[in-house]
Structures are given as C-alpha cells and as structure tokens.
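Chemist: sequence-free structure coming up:
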Ligand SMILES: Nc1ncnc2c1ncn2[C@@H]1O[C@H](COP(=O)(O)OP(=O)(O)OP(=O)(O)O)[C@@H](O)[C@H]1O
C-alpha cells in the first residue's frame, strides 16, 4: 500500500519512574489504515497508544526518549500545543464515558470548547458526527435526552461521534469493545471499516480475532518491545519471529 505516514516513532523508550515500559519502539502508521496493537497484558500497548496524543504527559512519573512525529513534525516539540494535538488525534477509551449531559451536548462540548458558537453550525456538526458514527438513525428523535440512557454500545458510538466532532484525522481506540456484547462489538467493528476511508485508526485489542478481522497492519508487542509489525495477514499467517507465532497460536498470553 503506497500511503503517506501520519504518525511515526523512532527508537522510543519510556519510563514510569524507574520502570521501563517501552523499549526502542520504531513503528509507522500509514494514512487511512487500521493498525492493531496486540500482545500480552502489561506489554505496553496502552502506553504506546497514549504517546500518540501525549496523554502520558499527564502522568508525572513518565519520561519519554526518542522521536514521535505527526505528519513529519515532532509531536513533543515545545511549540506543539497538546490540546490542539488531541483535537487532531482523538481517543476512545475502554469503557464508554459519555458526559452526564444530553446527546446533543456531548457532541457540541468539544466544538464549543474550541470556540464554535453558531447554532446552525453546531447542529450540522451534531448530525454529521452522529451519521459518521452510525448512530444518527437511533438517536435523531431524542437529541435532548441524557446520553446516560443509551445502551453501552450506543454510548461507545456516541463517544466516537464526540471524538469526530472536533475534526481529527487519527482515532486512537484503547480496547473499545471490551465492555460490549458481541452485537455491539460487531457494530463498532463495521463502523471502524467505514472510518478508515477518512481517518487513520490505531486500536489496542486483547482479541486476536478482532485484530485479524478489522486491521490492515498489526504490531505485536512483548515486554515493552515491538517484536514484529507488518500486514495483518502476514503477521497471522506467516510471522517472521517465533515469539509472534507462539503468541498468535495461543501458547502464552
Ligand atoms: N500510570 C502508570 N504508572 C506506573 N506504571 C504504569 C502506568 N501505566 C502503566 N504502567 C506499567 O507499564 C507497563 C505497561 O502497561 P500498559 O498498560 O501500557 O500495558 P498493556 O499492554 O496496555 O496492558 P493491558 O493489556 O493489561 O492493558 C506495565 O508494567 C504497567 O504496570
């Protein structure tokens, strides 16, 4: 696939206090693709994901070395405003976390924070974001109702819509289906396929089946190292490293 790189890391090392959680990680994420990060619990998947919108900045003991670029610019340069970066690199978490507000207010919260005030503009952002998140038809008649009344799967799609509302080009997903049933999971997975036409998606998942179903590329991590990365079919059918093979065949993890 001949696509340009959106996010790229070069020799990233990361410590929480004295504990090293990432070791010399070099990986690139091509535009409009889905990459899955897999590996056993504690291998550093979420830590790596959090580097990509500087969420680790919020952890005082955390120290990062190495390069991480976004569209070729050093993401950690002093000139980069992390709030602006997080608008372009959105994040969806494990548990759906809507605000205890109306569906409408959940979507308009971000755009308002960034200065959008015009009612018509806000209304069109709400409609467009909910349509992109495949939720519009289910909620269009109750936009003023509380988001807390939605099912778990609907809440997660609302959180995706909330991320889309501030116009990102990368969506980070940290185990977005782990709290959902199989039907809600299937909806999120098919939504991810649609999002790929406009966004670059990076997903952390515990489910190898999910990684195989949804992603174009897969990175396998083990004890803070990126052991192997490549096209998902290659990683699952013909991995280069024995460790990868042992993991995907269920010998550990
Ligand atoms: N805020 C933190 N402070 C200190 N150590 C942390 C922090 N977050 C993660 N760690 C440690 O860093 C290592 C990597 O954790 P991380 O959550 O990135 O792994 P993971 O692969 O996402 O795990 P899981 O699949 O269980 O979510 C672990 O040893 C973890 O205990």
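Modeler: Received it, and whenever you're ready, just let me know what you need. Computed from a predicted structure; not experimentally measured.
Chemist: any idea what sits nearest the residue nearest the centre of the chain, other than its immediate chain neighbours?
Modeler: By Cα atoms, centre = their mean, the chain has its centre lying nearest to residue 172, at 1.3 Å. Residue nearest to residue 172 in three dimensions, not counting chain neighbours: residue 91, with 4.4 Å by Cβ to Cβ, 6 or more residues apart in numbering. Using the backbone N, CA and C atoms, a C-beta is placed for each residue, glycine as well.
Chemist: Residue 51 is in contact with the one you found, correct?
Modeler: No. Using Cβ atoms under 8 Å, residue 91 makes no contact with residue 51, being 11.6 Å away.
Chemist: And for residue 206, nearest residue in space, chain neighbours not counted?
Modeler: residue 175 (6.3 Å).
Chemist: Tell me which residues touch the one you found, please.
Modeler: 94, 204, 205, 206 (Cβ atoms under 8 Å, 6 or more residues apart in numbering).
Chemist: picking up where we left off before, how much space separates the residue nearest to the centre of the chain from the ligand?
Modeler: 12 Å (Cβ to the nearest ligand atom, to the nearest Å).
Chemist: residues from the stretch 1-150 of the chain in reach of the ligand?
Modeler: Neighbours of the ligand within the stretch 1-150 of the chain, by Cβ under 6 Å from any ligand atom: 16, 19, 21, 39, 41-47, 59, 61.
Chemist: Please, a PyMOL command that selects the buried ones among those?
Modeler: The PyMOL command for the buried members of those (criterion: 16 or more other Cβ atoms under 10 Å) is given here:
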select buried, resi 21+39+43+44+45+46+47
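Chemist: Looking at the residues of the stretch 1-150 of the chain next to the ligand, which is nearest residue 193?
Modeler: Nearest to residue 193 out of these is residue 45 (Cβ to Cβ; 21.3 Å).
Chemist: Surely the closest one is in contact with residue 35?
Modeler: No. The pair residue 45 / residue 35 is not scored as a contact, 11.4 Å apart, by Cβ under 8 Å.
Chemist: quick revisit: quick check: the residue nearest to residue 172 vs residue 112, distance?
Modeler: 19 Å (Cβ to Cβ, to the nearest Å).
Chemist: Neighbour count for those two, which is higher?
Modeler: residue 91 (20 against 14; other Cβ atoms under 10 Å).
Chemist: Pretty sure that one sits in a helix.
Modeler: No. Counting by DSSP: H, G, I helix; E, B strand; the rest coil, residue 91 is not part of a helix but strand.
Chemist: can you pull the contacts of it?
Modeler: 49, 53, 55, 163, 171, 172, 173, 174.
Chemist: Save the residues you listed as CSV, and put in secondary structure, distance to residue 120 and pLDDT too.
Modeler: Putting the contacts of residue 91 into CSV (DSSP: H, G, I helix; E, B strand; the rest coil; distance: Cβ to Cβ, whole Å; pLDDT from 0 to 100) gives the following:
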residue, secondary structure, distance to residue 120, pLDDT
49, helix, 36, 98
53, coil, 30, 95
55, helix, 33, 94
163, helix, 22, 97
171, strand, 26, 98
172, strand, 31, 98
173, strand, 31, 98
174, strand, 34, 97
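Chemist: Thank you kindly, that will do.
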